[in-house]
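> take a look and give me a structure for this.
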Amino acid sequence: MKLYKFTAVFNPEKDQKNVYTVTVPALPGCVSFGESLNEARYNIREAMELYLSCLLDDGRIIPRDKKIKTLKNGFIKSLKKDKN
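As a prediction, this is how the structure comes out:
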């Protein structure tokens with residue numbers, strides 16, 4: 001089992017309390033959201049798992065993590081995903 005670690009960017013929605021949009025800079029198009037921080041974290045992990053599964057099924061290389069240094073809004077978390 002291989003462990004992948006990626007940086008996820010959580011951006012709070014301006015007009016909705018406790019709603020977050022989440023992106024993973026190293027995985028273009030890997031986007032999710034949640035109506036709480038816990039839901040957003042769960043949903044992006046699921047999205048990452050599907051994204052990585054598709055890359056592996058297609059025989060493509062898993063990209064390296066991209067570090068984000070500054071943000072105007074939101075915050076950054078490192079997420080780990082186990083992958084066989």
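
> in this structure, which segments are predicted with low confidence?
1, 69-84 (pLDDT under 70).

> all strands of it, in order?
2-12, 20-23, 31-34, 75-83 (DSSP state E).

> mind listing what's buried along the first one?
Residues 4, 6-11 are the ones in strand 2-12 that count as buried (16 or more other C-beta atoms under 10 Å). From N, CA and C alone the C-beta is placed, and that goes for glycine too.

> now those in CSV, with distance to Arg60?
Shown next, in CSV, are those (distance: C-beta to C-beta, whole Å):
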residue, distance to Arg60
Tyr4, 14
Phe6, 16
Thr7, 20
Ala8, 20
Val9, 23
Phe10, 26
Asn11, 27
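
> out of those, who's nearest Ala40?
Closest approach between these and Ala40, by C-beta to C-beta: Phe10, at 6.1 Å.

> right, and the closest one touches Ala40 too?
Yes: applying C-beta atoms under 8 Å, one finds Phe10 in contact with Ala40, separated by 6.1 Å.

> what about the closest residue in space to Val19 that isn't next to it in sequence, how many residues nearby?
Closest residue to Val19 apart from its sequence neighbours, by C-beta to C-beta, 6 or more residues apart in numbering: Glu13 at 4.2 Å. Look at Glu13: counted by other C-beta atoms under 10 Å, it has 12 neighbours.
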